[in-house]
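1. based on what follows, work out the 3D shape:
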Amino acid sequence: MKLIVTFVVSASLANGLLAGGDVDRWLVGMPAWRSVGILAWANYSRSADLDNGFVLYPILAIGRARASRGAAVVRSGRGERGRVVGIPG
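-> Model prediction:
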């Protein structure tokens with residue numbers, strides 16, 4: 001049971017970080033680019049996404065997928081025998 005909780009908490013944290021970034025981009029960033037101009041915003045976005053974001057975003061996205069899959073696999077091994085759980089490849 002502890003392993004399932006670890007996977008679920010890990011997936012939830014990664015999803016929360018990615019969702020928080022989306023909310024920040026839409027509610028804070030998008031209105032801000034109107035005042036700084038499209039070229040300045042494009043340069044900022046390119047720099048942010050290709051510097052730290054180039055490493056952080058894939059780690060979060062792959063990590064949440066693996067944590068979710070891990071929870072499903074651990075869960076499928078418990079309970080009734082003969083139960084089949086399909087996990088997308």
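
2. would you pull up how far the longest helix along the chain lies from the middle of the chain?
-> Of all segments of type helix in the chain, defined using DSSP state H, the longest is helix 52-76. Mean C-alpha position of helix 52-76 versus that of the full chain (C-alpha atoms, centre = their mean, to the nearest Å) differs by 7 Å.

3. now do that helix: which elements does it pack against?
-> helix 2-24 (3 or more C-beta pairs under 8 Å, 6 or more residues apart in numbering; DSSP states H and E). The C-beta positions use only the backbone N, C-alpha and C, and glycine is treated the same way.

4. pLDDT on the helix it packs on, on average?
-> If you average the pLDDT over helix 2-24, you get 85.

5. helices or strands next to that helix in the packing?
-> Using 3+ C-beta pairs under 8 Å, 6+ apart, helix 2-24 is in contact with helix 52-76.

6. what is the rounded mean pLDDT of the helix it packs on?
-> Across helix 52-76, the average pLDDT comes to 83.

7. need phi/psi at residue 37.
-> Recorded main-chain torsions at residue 37 are phi 100, psi 150, according to degrees, to the nearest 10.

8. same question for residue 51.
-> Recorded main-chain torsions at residue 51 are phi -100, psi -90, according to degrees, to the nearest 10.

9. and the angle from the longest helix of the chain to helix 2-24?
-> Between the axis of helix 52-76 and that of helix 2-24 there is an angle of 140 degrees, by axes from the mean of the first three to the mean of the last three C-alpha atoms, to 10 degrees.

10. tell me the buried residues in helix 52-76?
-> Applying a neighbour-count criterion of 16 or more other C-beta atoms under 10 Å, the buried positions in helix 52-76 are 60, 63-64, 67-68, 70-72, 74-75.

11. those residues: which two are farthest apart?
-> 60 and 75 (22.4 Å; C-beta to C-beta).
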